[in-house]
Each structure stands twice: as C-alpha cells, then as structure tokens.
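Novice: Got a predicted structure here, sequence first:
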Amino acid sequence: MAKVKIATEWLAGCAGCHMSLLDLDEELVAILDAVEITSSPITDLKHPPEVTVGIIEGAVANTANEEVLKELREKCQILLAIGDCSCFGGIVTMRNFLPKEEVLRAGYVDTPGTVDGKIPSDPELATLLDKVKAPNEVVKVDCYVPGCPPSAAAIGWALKELLAGRIPAPVGDNLRYD
C-alpha cells in the first residue's frame, strides 16, 4: 500500500499549531505506516514535492507567505488549515488595525535594541502586505481544524478522516480554545 504524502507549511503565526501537530505522539505513531511527511518547518525543504495532503498553519502576512501557500496549493490534492490563524486570520490579523508603515516603524525604528534604527529595504526580504489575509483569501482551502491551538486529538482525528478518504467537518468534540 502506497503511503499518503503529507507536507506542512508554517506561515505567519505563533507556531502553537505545529507544536500541537508534534504533540500527536501515539496518534501520529499509529498512522505512520500510512503516511510519509515529506516536508515540514523542521525539514526546512524550500519546495515541497507533490503530496496528497498539505497542512498549513498561520495567516498570510507577507509576499513570502503568499508564494509558499500558492505553491503548496498547486502541489497538494487536499489543503488542511489547522488553527485559527489559518482558518480566519486569527490573532495575526490584529495588525490590520494599524497602518503598515506604523507596524514597520514600531518593529524596526522605535523598539529599544534595534541594530540601526532603519526599516529594512533589502530586496531579498519578503514585503509586508498592507493587510494580513486568511489563507482562504489567497487559495482554496478544503478543510479546517480551528482552535488556538487545536488539540493534538483534533488534528489526529482530521488526519485519520483524510486517510479514510473523507473530508473532515469540524464537530464540537474536536474543538478547543485555551
């Protein structure tokens, strides 16, 4: 039996959802025979291969996030969004209440301990978007596991549903907000 290939990507967010993914412990071990995790933030693979399931965490805050999300969507059959930031923008969208220049100034100029007190202008750096977007504002997302962060059990349940050929629809027992 061929393994289901899974790639994960971390966009703009706190990383709590990927920590929940790592917390799957026994549930992840139970499905390891059926899956192959081809890329993740841990592997730092810049361009994931074709996969069955793409898992995203985080919101789209800059041009690099947009590129990563679009590439993953092109390379996966099913895109699973885990955590509130990837479901509706979550806490990352709090930045949308401030002008982009004010955010950059606060982070690079007015903050004690900054190196040179200038907003970076290196063309190699991703450009901050005017407004943070939820991933579904950029690409089609097939299923969601909300929560901040979602529990390892909820992520495990969604993965098992996908492995069984079903698109999971979140139900109350699988939601958690801490």
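Specialist: Cool, got the structure.

Novice: okay, CA-based contacts and neighbour counts for the rest of this
Specialist: Fine.

Novice: in the protein, which ranges drop under the pLDDT threshold?
Specialist: Low-confidence segments of the chain (pLDDT under 70): 1, 16-29, 40-47, 170-178.

Novice: Show me the residue sitting in the middle of this protein in space.
Specialist: residue 57 (1.6 Å; Cα atoms, centre = their mean).

Novice: who's that one bridged to?
Specialist: Bridge pairing for residue 57 (DSSP bridges) gives the partners residue 10, residue 82.

Novice: what about the residue in the chain sticking out farthest from the centre, which helix or strand?
Specialist: What lies farthest from the middle of the chain is residue 116; by Cα atoms, centre = their mean that is 31.2 Å. According to DSSP states H and E, residue 116 maps onto no helix or strand at all.

Novice: Spatially, what comes nearest to residue 130 if we skip its sequence neighbours?
Specialist: For residue 130, ignoring the flanking residues on the chain, the nearest one in space by Cα to Cα, 6 or more residues apart in numbering is residue 100 at 5.6 Å.

Novice: Give the buried residues for stretch 145-165.
Specialist: Neighbour counts over stretch 145-165 (16 or more other Cα atoms under 10 Å) mark 145-160, 162-163 as buried.

Novice: what's the answer for stretch 30-38, then?
Specialist: Across stretch 30-38, burial judged by 16+ other Cα under 10 Å covers 35, 37, 38.

Novice: Distance from the helix or strand hosting the last one to the middle of the chain?
Specialist: Meaning residue 38. Assigned by DSSP H and E, residue 38 belongs to strand 35-39. For strand 35-39, the separation from the chain centroid amounts to 16 Å (computed by Cα atoms, centre = their mean, to the nearest Å).

Novice: what does stretch 157-170 give?
Specialist: With Cα atoms, centre = their mean as the basis, stretch 157-170 stands 18 Å off its chain's centre.

Novice: Can you name the residues that contact residue 90?
Specialist: 59, 84, 134 (Cα atoms under 8 Å, 6 or more residues apart in numbering).

Novice: Surely the first one and residue 12 touch.
Specialist: Yes. Checked against Cα atoms under 8 Å, the pair residue 59 and residue 12 is within contact range at 5.1 Å.

Novice: which of these two has more neighbours?
Specialist: Legend: neighbour count by other Cα atoms under 10 Å for residue 59 and residue 12, higher for residue 59 (31 against 19).

Novice: got the residue ranges for the helices in this structure?
Specialist: 16-22, 26-31, 63-75, 84-88, 100-108, 152-163 (DSSP state H).

Novice: Most tightly packed of those?
Specialist: helix 84-88 (a mean of 26; mean count of other Cα atoms under 10 Å).

Novice: Now do the shared contacts for residue 59 and residue 12.
Specialist: By Cα under 8 Å, 6+ apart, the residues touching both residue 59 and residue 12 are 65, 92.

Novice: Cool, thanks, talk later.
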